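Undergrad: pasting the sequence and the predicted model now:
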Amino acid sequence: MNWEIAIYLRLSKEDGDKEESDSIGSQRLLISNYIQQSIPDGRVVGEYVDDGCTGTNFNRPRFKDMICQADAGNINCIIVKDLSRFGREYIGVGEYLENYFPARNIRFVAINDGYDSIRVTSNDDFIMPIKNIFNAQYSKDISRKVKSSFRSLQSEGKFVGAFACYGYMKDPQDRHRLVVDEAAAPVVRRIFSLYNNGYGKISIARVLNDESIPCPSEYKRLSGLNYTNGQKMELTKYWTYSTVNTILHNEMYAGNMVQNKSIRRTVRGKAKKNELADWIKVAGTHEPVIDAGTWKMTQELLKRNTRQPDFRQNVGVFAGYIFCGSCGRAMTKIMNQYKSRTTTTYICGTYKRYGGGTCRRNAVKADFLEKLVLEKLNEQIKKIDTIRVPEAAKQNRQTADLKRYEISLGKNNRMKKSLYEDYREGILTKEEYLQYKSDYAKEEEFIKGQIEFITASLNNGDDEMNRWIETLIRYRNIEKLDREIVGEVLDKIIVTDKDDELSIDIIFKFKFL
């Protein structure tokens, strides 16, 4: 019989294949020698190579091509080095060997396993399914070991991904360490800056696309990396809402390693998002692209979940910070054009959507509100110098109290020691000793509580006050508000217009004024 032979070669590190012995070249040489010696009348009509494809499923491009040729009747013999090269999924391998190939009169040879379908014995019928199971279990065992190794490295703060996130690259000297990609990092910083200044995620994507800046997946491909984004269509080479949103939430940019965000339940199953509690986070593992202040402000804005205005419009500095005093929901901005003049007004979002039957309009002019907030902020800034003196006096008083309590604690300890000596010498009865001991223990507990409270107040209160003073000093003599200033000092604004009497409650983040 004339044998039309297909040679199938496969290699995958993921399956634990040994590069030297299982290399494509090694497989090719072994099969060529076998054909010359054992099938001299055979003719090789095709060589099919899947390099880097796992054997745990049959979704391999060149394997599919080979099967198509088999279906077309162009192949009647398939030769592999061993069964593990053909596949490691024992049910699928068994289906091909026991049903598919016999039904099409296709000869199948696995050289190192000593299997040739035209010379099958009863012993082969027994041994081959067992070998298939071993191959499948070997792949699963390798997968478990690899996962365990990855988790260990991740817990140490070492990077184990195939590709660094946009804005970073693997250190050429240490593939488990990230370094800043100086070409991409400025784009990341710009995304955070635009968002913190009122641009929406779609608007940011538009800006980057208009400037022809490659999106992360395209940037990786242009950099020569063999990268494929499984979340996007192949032809998507532009910035999207999703891409911008992912970057803004990615804690890696703050210098913290965050891994194990997704998991595969099976060897080649689809990756699914892991529970937040199962993410592996290690702080301070690499140089941050985004400074701590910018990161914190961005996360606060994201939590507010505001719908950002289009970047071509005037950006509202109070978006996400202004709320209706009647229903508690966010106010929304409306713009009115009168002749050549445009006026901006904030009104209750509930009122705008559902009408007056649900809530009051509670309107306030944007320019009036900006002027009022700026005025109140400057008033607070002017009080800084008057705060420092009483605050210093308070600290001096607390320091004196702390010293006094520390002296009392030492005296209490000495009295407890002499108390026991008096009891041993018979000066005190047992009942008197136990009573005095209990009293001293209560006094000690009270003193320690006071010391702890004053110490915490001095440490935390002082740091917090100084931080806000430094923040406010930076904004001395400001004449115009922007999103950065609002995000740093403002907590919220509550607007109520009851009985034609407008009430505006401006709440700053600092509490000491």
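TA: Structure received. Residues are numbered from 1 along each chain as shown.

Undergrad: skipping adjacent residues, who's closest to A70 in space?
TA: Leaving aside its sequence neighbours, A70 sits nearest to I106 (C-beta to C-beta, 6 or more residues apart in numbering; 5.9 Å). Every C-beta, even on glycine, is put in place using the N, C-alpha and C of the backbone.

Undergrad: shaky segments in the stretch 401-513 of the chain?
TA: Judged by pLDDT under 70, the stretch 401-513 of the chain has its weakly predicted residues at 457-471, 475, 477, 511-513.

Undergrad: quick one: low-confidence ranges for the stretch 151-300 of the chain?
TA: For the stretch 151-300 of the chain, counting by pLDDT under 70, the residues that fall below are 226-237, 264-271.

Undergrad: pLDDT wise, what is the residue nearest to A70 at?
TA: We note a pLDDT of 95 for I106 in this prediction.

Undergrad: for it, give its distance to N59.
TA: Noted for I106: a distance of 21 Å to N59, by C-beta to C-beta, to the nearest Å.

Undergrad: check N274 too.
TA: Applying C-beta to C-beta, one obtains 24 Å for the distance of N274 from N59.

Undergrad: more neighbours, the two?
TA: Counting neighbours by other C-beta atoms under 10 Å for N274 and for N59 shows that N274 has the greater number, 14 against 10.

Undergrad: excluding chain neighbours, what is closest to that one?
TA: In space, not counting the residues next to it along the chain, N274 is nearest to I263; the distance is 5.0 Å by C-beta to C-beta, 6+ apart.

Undergrad: which residues does that neighbour form beta bridges with?
TA: According to DSSP bridges, the residues that bridge with I263 are K272.

Undergrad: count of neighbours near it?
TA: As a burial measure, I263 scores 13 neighbours (other C-beta under 10 Å).

Undergrad: for I451, same thing?
TA: Here the neighbour count serves as a burial measure; for I451 (other C-beta under 10 Å) it reads 16.

Undergrad: I figured it hits L402, correct?
TA: Yes. Between I451 and L402 a contact is recorded at 6.4 Å, counting by C-beta atoms under 8 Å.

Undergrad: ok but Y420 is inside a helix, no?
TA: Yes. When DSSP: H, G, I helix; E, B strand; the rest coil is applied, Y420 is found to be in a helix.

Undergrad: that one: what's it in contact with?
TA: Contacts of Y420 were listed using C-beta atoms under 8 Å, 6 or more residues apart in numbering, and they are Y433.

Undergrad: and it, how far from E218?
TA: Distance, Y420 to E218, by C-beta to C-beta: 79 Å.

Undergrad: same check, this time on L30
TA: Relative to E218, L30 is positioned 41 Å away (criterion: C-beta to C-beta).

Undergrad: again, but for M335
TA: Distance check for M335 against E218: by C-beta to C-beta, it reads 36 Å.

Undergrad: those two: who's more crowded?
TA: Per other C-beta under 10 Å, whichever of M335 and E218 has more neighbours is E218, with 17 against 13.

Undergrad: how about that one, secondary structure?
TA: helix.

Undergrad: would you agree L428 is in contact with Y436?
TA: Yes. Applying C-beta under 8 Å as the test, L428 and Y436 come out as touching, 7.1 Å apart.

Undergrad: what about the strands in the stretch 1-150 of the chain?
TA: Shown for the stretch 1-150 of the chain, the strands assigned by DSSP state E, counting those that start in this stretch span residues 3-11, 42-51, 77-80, 107-110, 115-116.

Undergrad: quick one: closest of the ones you listed to V179.
TA: strand 42-51 (29.7 Å; C-beta to C-beta).

Undergrad: next, the buried residues of stretch 24-35.
TA: Within stretch 24-35, the residues that qualify as buried by neighbour count (16 or more other C-beta atoms under 10 Å) are S26, Q27, L30, I31, Y34, I35.

Undergrad: quick check: pLDDT value at the fourth one.
TA: When you say that, I think you mean I31. 93.

Undergrad: repeat for the fifth one
TA: Residue-level confidence at Y34 comes out at 92, pLDDT.

Undergrad: neighbours of N245, how many?
TA: Applying other C-beta under 10 Å, we find 16 other residues in the vicinity of N245.

Undergrad: quick check: it touching I202?
TA: No. Checked against C-beta under 8 Å, the pair N245 and I202 is beyond contact range at 9.7 Å.

Undergrad: could I get the buried residues of stretch 24-35 as JSON lines with distance to G355?
TA: Putting the buried residues of stretch 24-35 into JSON lines (distance: C-beta to C-beta, whole Å) gives the following:
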{"residue": "S26", "distance to G355": "77"}
{"residue": "Q27", "distance to G355": "74"}
{"residue": "L30", "distance to G355": "80"}
{"residue": "I31", "distance to G355": "78"}
{"residue": "Y34", "distance to G355": "83"}
{"residue": "I35", "distance to G355": "83"}
